[in-house]
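# I'd like to go over a predicted model; first the sequence, then the structure.
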Amino acid sequence: MLESMAYKMQPAGHEEVPNRRKYSEPDRRLKTAFEKWIEAPLLPANAYKFAESLIEGLEPSVEEAHALLLDYQDKIDKYNWQFSGRFISALYNASPEKIIIYDLEFENPPEYIGCKLSKEKCLVNRAKAGGCLGFEAEGTLINYGETKDCFAFGAKGPVINYGKVNYPSEEEQQNYKRGSGMGHDATGLIINLGKTGVATGYRNKSVVMNLGDAYYQVGDKATGIVVDIQRNENLEYTERAKLVVKPRDYKGAMKSYLDNLRMKFETGRTDYKAAIKALEDLGPEPEKTVEKDIIKALGIKYPFKRLIQKYRNWRSKNDA
């Protein structure tokens, strides 16, 4: 099967962790806003909007946002701590900084860090993050660390995973406990070069590509394009997809295209700037560029709507 330089390199997220930055006392105005947010009887769905209203007119730095989390980690109840990522995410979007490096380590990390990330921003995770990292983000998400379930749920921007996303342990696999993967209900480009749990790209409407280790059912119920050149599983769960590229399709022009694409993104395995550059090279709508390139590599020349049924008929005969 596929043999490439990716499996001979040090896996992302396992390199030596850089020294953590030192943070000063958080800004008084941010502390006041955060305390008001904590005291309000909020439903999770309203938490982000309320945070936005409390910090209106402020331009906090990412460092100030992180200082706030560090200062309050032992001062608030478990419920508010769990959802505090929504408040921090509002700070991220209000910040003038375009690239956000999340490198905080907590025993119980907060959830929803980077939720609703603005389109012009990029969140780079280098830590062990909580669930729902990058929830409904419009910006770019790059993971080098570890995340729990629902990474990039509903994401509209591109997502690259070099790390580990809720991948089940050997014991969990033996007991049929499967951790959910990333990119559920997403509409942006999803590329996995690390390890993810079950159903990566579930109901994805764009392009989901597994070029790493995804634990079972990549592209389940997806309606976009599914690329999984690592597994020869039954295709029943991808029957709604426009196109499905499996190991048997990894040859000729398709092999050349995927090898070239992978090589570009491998440069970002230890340098997030290179990963961002690889995305920029795909243009303002990378998911559409990749879709066109895959169709070209497969040698498809029919109008796309007619092609879908023609492709499915061909695939059903070959799978019989």
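Received it, and whenever you're ready, just let me know what you need. None of the values given here were measured: they were computed from a predicted structure.
# right, and Gly85 touches Lys116 too?
No: between Gly85 and Lys116 there is no contact under C-beta atoms under 8 Å: 10.7 Å. Yep, even glycine has a C-beta here, placed from its N, CA and C like the rest.
# can you pull out the strands in the stretch 151-300 of the chain?
All strands of the stretch 151-300 of the chain, identified by DSSP state E, counting those that start in this stretch, fall at 159-161, 164-165, 190-192, 195-196, 207-210, 213-214, 225-228, 243-245.
# just to revisit the earlier point, neighbour count winner among Gly85 and Lys116?
Using other C-beta atoms under 10 Å as the criterion, Gly85 and Lys116 rank with Gly85 on top: 27 against 21.
# in which helix or strand would I find the more buried one?
helix 78-94 (DSSP states H and E).
# how far does that helix sit from the chain's center?
18 Å (C-alpha atoms, centre = their mean, to the nearest Å).
# got it, and stretch 153-160?
Going by C-alpha atoms, centre = their mean, where stretch 153-160 is centred and where its chain is centred differ by 5 Å.
# what sits up against it?
Residues from elsewhere that reach stretch 153-160, judged by C-beta atoms under 8 Å, 6 or more residues apart in numbering: 117, 119, 132, 134-143, 151-152, 182-191, 193, 265, 268, 275, 279, 286-287.
# in this structure, where is pLDDT below threshold?
Residues of the chain meeting the criterion pLDDT under 70: 1-23, 173-179, 232-236, 301-320.
# could you pull out the helices for the stretch 1-150 of the chain?
28-39, 44-54, 62-72, 78-94 (DSSP state H, counting those that start in this stretch).
# kindly reformat the strands of the stretch 151-300 of the chain as TSV and extend each row with mean neighbour count and distance to Gln73.
TSV is the format used below for the strands of the stretch 151-300 of the chain (neighbours: other C-beta atoms under 10 Å; distance: least, C-beta to C-beta, whole Å):
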stretch	mean neighbour count	distance to Gln73
strand 159-161	28	26
strand 164-165	26	23
strand 190-192	30	31
strand 195-196	26	28
strand 207-210	28	35
strand 213-214	22	32
strand 225-228	26	39
strand 243-245	21	44
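# okay but Ile38 is in contact with Ile76, surely?
Yes: the pair Ile38 / Ile76 is scored as a contact, 5.7 Å apart, by C-beta under 8 Å.
# the more surrounded of those two?
Ile38 (18 against 14).
# for the nearest residue to the more buried one once chain neighbours are set aside, grab the count of nearby residues.
Leaving aside its chain neighbours, Ile38 sits nearest to Asn80 (5.0 Å; criterion: C-beta to C-beta, 6 or more residues apart in numbering). Asn80 is flanked by 19 other residues according to other C-beta under 10 Å.
# and Asn125, how far from Ala137?
12 Å (C-beta to C-beta, to the nearest Å).
# common neighbours of the two, please.
In contact with both Asn125 and Ala137: Gly114, using C-beta under 8 Å, 6+ apart.
# pull the contacting residues for Ser118.
Counted by C-beta under 8 Å, 6+ apart, Ser118 has contacts 92-93, 138-139.
# still on that earlier bit, so which elements touch the helix holding Gly85?
helix 28-39, helix 44-54, helix 62-72 (3 or more C-beta pairs under 8 Å, 6 or more residues apart in numbering; DSSP states H and E).
# please repeat the previous calculation with a cut-off of 10 Å.
helix 28-39, helix 44-54, helix 62-72, strand 99-102 (3 or more C-beta pairs under 10 Å, 6 or more residues apart in numbering; DSSP states H and E).
# among the ones you listed, which is nearest Asp213?
Among the helices and strands packed on helix 78-94, the nearest to Asp213 by C-beta to C-beta is strand 99-102 (23.0 Å).
# name the residues that touch the closest one?
18, 21, 62, 65-66, 69, 85, 88-89, 91-93, 109, 113-114, 117, 121-127, 129, 133, 139-140, 142-145, 272-273, 276 (C-beta atoms under 10 Å, 6 or more residues apart in numbering).
# follow-up on the earlier one: relative to helix 62-72, how tilted is the helix holding Gly85?
170 degrees (axes from the mean of the first three to the mean of the last three C-alpha atoms, to 10 degrees).
# between helix 28-39 and helix 78-94, find me the angle.
Using the same axes, to 10 degrees: helix 78-94 against helix 28-39 is 140 degrees.
# what residues sit buried inside helix 78-94?
80-94 (16 or more other C-beta atoms under 10 Å).
# can you say which of the contacts of strand 99-102 are buried?
62, 65-66, 69, 85, 88-89, 91-93, 109, 113-114, 117, 121-127, 129, 133, 139-140, 142-145, 272, 276.
# wait, Arg262 touches Met209, no?
Yes: judged on C-beta atoms under 10 Å, Arg262 makes contact with Met209 at a distance of 9.1 Å.
# tell me the one of the buried residues of helix 78-94 nearest Ser53?
For the buried residues of helix 78-94, the nearest to Ser53 is Ala90 (9.1 Å; C-beta to C-beta).
# got a list of what the closest one touches?
Counted by C-beta under 10 Å, 6+ apart, Ala90 has contacts 33, 37, 47-56, 58, 60, 65, 115-116.
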